[in-house]
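Novice: How does the following fold in three dimensions:
(chains A, B, C and D)
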Number of protein chains: 2
Amino acid sequence: MAKVDTSLVAHLPLFAGVTPEALDEILREARSARYPKNSAIFEQGADAQSFFLLLHGHVRAAKTTPTGEQIVVRYVAPGETFGLAMAIGAARYPATAIAVDDSVVLIWPTSAWPRLVERFPSLAANTLQTVGTRLQESHTRILEMSTQQVEQRVAHALLRLAKQSGKKLEHGIEIDFPISRQDIAQMTGTTLHTVSRILSGWESQGLVESGRQRIILREPHRIVVLAERSADSGAA
Amino acid sequence: MAKVDTSLVAHLPLFAGVTPEALDEILREARSARYPKNSAIFEQGADAQSFFLLLHGHVRAAKTTPTGEQIVVRYVAPGETFGLAMAIGAARYPATAIAVDDSVVLIWPTSAWPRLVERFPSLAANTLQTVGTRLQESHTRILEMSTQQVEQRVAHALLRLAKQSGKKLEHGIEIDFPISRQDIAQMTGTTLHTVSRILSGWESQGLVESGRQRIILREPHRIVVLAERSADSGAA
DNA sequence: CCTGATGTTTGCGATAGCGCAAAACGGAAC
DNA sequence: GTTCCGTTTTGCGCTATCGCAAACATCAGG
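Specialist: Numbers count the residues shown, from 1 in each chain, chains lettered A, B, ... in the order given. Next up, the predicted model:
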């Protein structure tokens, strides 16, 4: 079993208030694993046997309806936890997790959680914090879906992705993992067609530069303006 | 200061795994207050000085956009906590809470939270659980908004309200607090006009009976069917 | 270099639901 | 009983966005 360097993870919010020795003890319970691009880490509905911490790469969490439609719940960036079904008392994963890039994760058995929280109560507090933050973000997303048009929602989604996983280039910010029009559609509650149309429009205005599973925000500022405009004004 | 009977709250999920003596200690830190119908308990953006447990009544949590549009985040039923901004590390309330009926709440100062969790770690674990459940519900709501038509979303919303706060009558289930078309619109991401049209339609089919801020589900089963139908079939 | 698979663009018709406006209704206060 | 105010209902035109379908572009493999 590979040994995990505590210094790599010590600064993460999850481990705030945890002593180095305790961290060591926590990490001893984990194993690490590598998932190649496009492989599934767990499937919606499967037994929640583990929970995860992403070290490298990017993971997409998606939820599927009985009728087969999907939405993207979120993209997981390095340093974030996912698959916390046990924390909320669910026996099964409520979503599917797919590595969208070659990814490395730490894996704890769900069964270790109760013991860990008991020994290290700050774990529970920290997790509560992150889950709470996600809840807030979900509410924001609901608010957007309720009150904004598709173009604004797409703008917000891209800006968020850029903030979370943006790679700075000389002429803009690139979203640092492969993402399709379809993915963006599933984040914003629309169709890939509409997303494509919007991005085409933006591209011809020089706002973005995009291609196959690749998006660069060339003019983040102007995209912010787009995202905030309430529902009026037209192109000229 | 009124003394709170521990037996009234001992069974709540929030206090699972808390001994009676501990519960007593926890309750000593709280005060109770009564909010009349339609009064604000706290406002979005205000300092999160307290967190709450609803004892009697019903509370609506709503979020407002910069441009003044609102959505209903949720309705709080007796026994549930709300205003947990501190748990997620927020200094200000992310939503407004309004008593929709005369309501009684327990109030703890936010400053008491860290001490309480330290002394009674199960509080954090239990809260994590409920916040996690709410996160799931939010995701479900996003899924619905992304994939379903308005009529189905309204059906789901009403069924959920009926389950959470339904009063059983001989001929149906009544939602046990005043709720307007506008409120339902803000729960489902539509307009009061559309909700009104939908309810009128249902009423003429005998599915519901409704009036001013009042809704009775007469045929829950048939509403379930409506809620689940994928997007086809028409009235005949 | 060719080929298939996957992702993207775009045109066009259809429509669910919005937005506005006006009228009807129901309760509460006096 | 009458008046006033907030809620609900309903009609009607409009449009943002979907849905389908076809053409294209790009990448991986052989």
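Novice: The longest helix along chain A - what's its average pLDDT?
Specialist: Using DSSP state H to define each element, chain A has its longest helix at helix A:121-147. Taken as a whole, helix A:121-147 has a mean pLDDT of 95.
Novice: same deal with stretch A:163-173?
Specialist: Mean predicted lDDT for stretch A:163-173 stands at 94.
Novice: Report the buried residues of that stretch.
Specialist: By neighbour count, with 16 or more other Cβ atoms under 10 Å in any protein chain shown as the criterion, the buried positions of stretch A:163-173 are A:165-166, A:172-173. No exception for glycine: its C-beta is placed from N, CA and C like everyone else's.
Novice: cool, and stretch A:199-212?
Specialist: A:199, A:202, A:207-210.
Novice: got the angle for the longest helix of chain A vs helix B:121-147?
Specialist: Angle of helix A:121-147 versus helix B:121-147, following axes from the mean of the first three to the mean of the last three Cα atoms, to 10 degrees, is 20 degrees.
Novice: any idea which helix or strand comes after helix A:121-147?
Specialist: The helix or strand immediately downstream of helix A:121-147 is helix A:150-165, counting by DSSP states H and E.
Novice: Now do the SS call for A:Ser196.
Specialist: With DSSP: H, G, I helix; E, B strand; the rest coil as the basis, the three-state label of A:Ser196 is helix.
Novice: And it, how far from DNA strand C?
Specialist: Per Cβ to the nearest atom of the strand, to the nearest Å, A:Ser196 is found 4 Å from DNA strand C.
Novice: what's the least confident helix or strand in chain A, going by average pLDDT?
Specialist: Within chain A, no helix or strand scores below helix A:6-9, which has a mean of 86 by mean pLDDT, DSSP states H and E.
Novice: Which elements pack onto the very next helix or strand once past it?
Specialist: Next along the chain after helix A:6-9, taking DSSP H and E as the criterion, comes helix A:20-28. If contacts are counted by 3 or more Cβ pairs under 8 Å, 6 or more residues apart in numbering or on different chains; DSSP states H and E, helix A:20-28 sits against helix A:6-9, helix A:112-119.
Novice: Let me see the contact set for the spatially closest residue to A:Val117 that is not a sequence neighbour.
Specialist: Nearest residue to A:Val117, sequence neighbours excluded (Cβ to Cβ, 6 or more residues apart in numbering or on different chains): A:Ala124, at 4.5 Å. Contact analysis of A:Ala124 by Cβ atoms under 8 Å, 6 or more residues apart in numbering or on different chains lists A:117, B:117, B:121, B:124-125, B:128.
Novice: quick one: which of the residues you listed is nearest DNA strand C?
Specialist: The shortest approach to DNA strand C among those belongs to B:Leu128, at 34.7 Å (Cβ to the nearest atom of the strand).
Novice: for chain A, which residue is closest to the average position?
Specialist: A:Tyr75 (2.0 Å; Cα atoms, centre = their mean).
Novice: just checking, it touches A:Lys163?
Specialist: No. Between A:Tyr75 and A:Lys163 there is no contact under Cβ atoms under 8 Å: 11.6 Å.
Novice: for DNA strand D, what are the nearby residues on chain A?
Specialist: Proximity of chain A to DNA strand D (Cβ under 7 Å from any atom of the strand) is limited to residues A:149-151, A:189-191, A:193-194, A:211-212.
Novice: quick revisit: which of the buried residues of stretch A:199-212 fall within helices?
Specialist: Reading helices off these with DSSP H, I get A:199, A:202.
Novice: Run through who's touching the least confident helix or strand of chain A.
Specialist: A:15, A:20, A:23-24, A:27, A:53, A:55, A:79, A:106.
Novice: okay, now the domains of chain A?
Specialist: Using automatic domain parsing, the domain parsing of chain A gives A:6-144, A:148-228.
Novice: which regions of chain A lie under the pLDDT threshold?
Specialist: For chain A, the stretches with pLDDT under 70 are A:1-4, A:230-236.
Novice: Flag every residue of it that's near chain B.
Specialist: Contacts of chain A with chain B, taken as Cβ under 8 Å from any Cβ of the partner chain, map to A:63, A:65, A:67, A:69, A:71, A:73, A:84, A:87-90, A:94-95, A:117-118, A:121, A:124-125, A:127-129, A:131-136, A:138-139, A:141-143, A:145-147, A:186, A:189, A:230.
Novice: what about the residue lying closest to A:Val150 once chain neighbours are set aside, distance to DNA strand C?
Specialist: Nearest residue to A:Val150 in three dimensions, chain neighbours excluded: A:Thr190, at 4.8 Å (Cβ to Cβ, 6+ apart). Using Cβ to the nearest atom of the strand, we find A:Thr190 at a distance of 12 Å from DNA strand C.
Novice: list the contacts for A:Thr190?
Specialist: Taking Cβ under 8 Å, 6+ apart as the test, what A:Thr190 contacts is A:150, A:153-154.
Novice: Which of the helices or strands spans it?
Specialist: Short version, using DSSP H and E: A:Thr190 is in no helix or strand.
Novice: and what of the one 3 residues further on?
Specialist: Of the helices and strands defined by DSSP H and E, A:His193 is found in helix A:192-204.
Novice: tell me the angle that helix makes with helix A:150-165.
Specialist: On the basis of the same axes, to 10 degrees, helix A:192-204 is oriented at 80 degrees to helix A:150-165.
Novice: how about the residues of chain A that lie near DNA strand C?
Specialist: Residues of chain A found near DNA strand C (Cβ under 7 Å from any atom of the strand) are A:180-182, A:192-193, A:196-197, A:199-200, A:203, A:210-213, A:231.
Novice: about what we covered before: ok now the longest helix of chain A, how far from the chain's centre?
Specialist: How far helix A:121-147 lies from its chain's middle: 12 Å, per Cα atoms, centre = their mean, to the nearest Å.
Novice: That helix vs helix A:112-119, what angle?
Specialist: 120 degrees.
Novice: Tell me which of the helices and strands packed on helix A:20-28 sits nearest to A:Asp101.
Specialist: With Cβ to Cβ, the closest approach to A:Asp101 among those belongs to helix A:6-9: 18.1 Å.
Novice: Name the residues of that closest one that come out as buried.
Specialist: Of all the residues in helix A:6-9, those buried under the rule 16+ other Cβ under 10 Å are A:Val9.
Novice: From chain B, how far out is the residue nearest to the centre of chain A?
Specialist: Going from A:Tyr75 to chain B by Cβ to the nearest Cβ, to the nearest Å gives 14 Å.
Novice: SS state for that residue?
Specialist: Once three-state DSSP is applied, A:Tyr75 turns out strand.
Novice: tell me which element A:Leu54 falls in.
Specialist: strand A:50-56.
Novice: Revised request: answer the last question for A:Ala227.
Specialist: helix A:220-228.
Novice: Could you check the angle that helix makes with helix A:121-147?
Specialist: 70 degrees.
Novice: Could you give the number of residues near A:Ile184?
Specialist: 24 (other Cβ atoms under 10 Å in any protein chain shown).
Novice: Doesn't it lie inside a strand?
Specialist: No. A:Ile184 is assigned helix when assessed by three-state DSSP, not a strand.
Novice: I figured it hits A:Ala155, correct?
Specialist: No. Judged on Cβ under 8 Å, A:Ile184 makes no contact with A:Ala155 at a distance of 10.7 Å.
Novice: before we move on, the earlier item: most surrounded residue in the contacts of helix A:6-9?
Specialist: A:Leu53 (24 neighbours).
Novice: Tell me what it is bridged to.
Specialist: Beta-bridge partners for A:Leu53, by DSSP bridges, are A:Thr81, A:Leu106.
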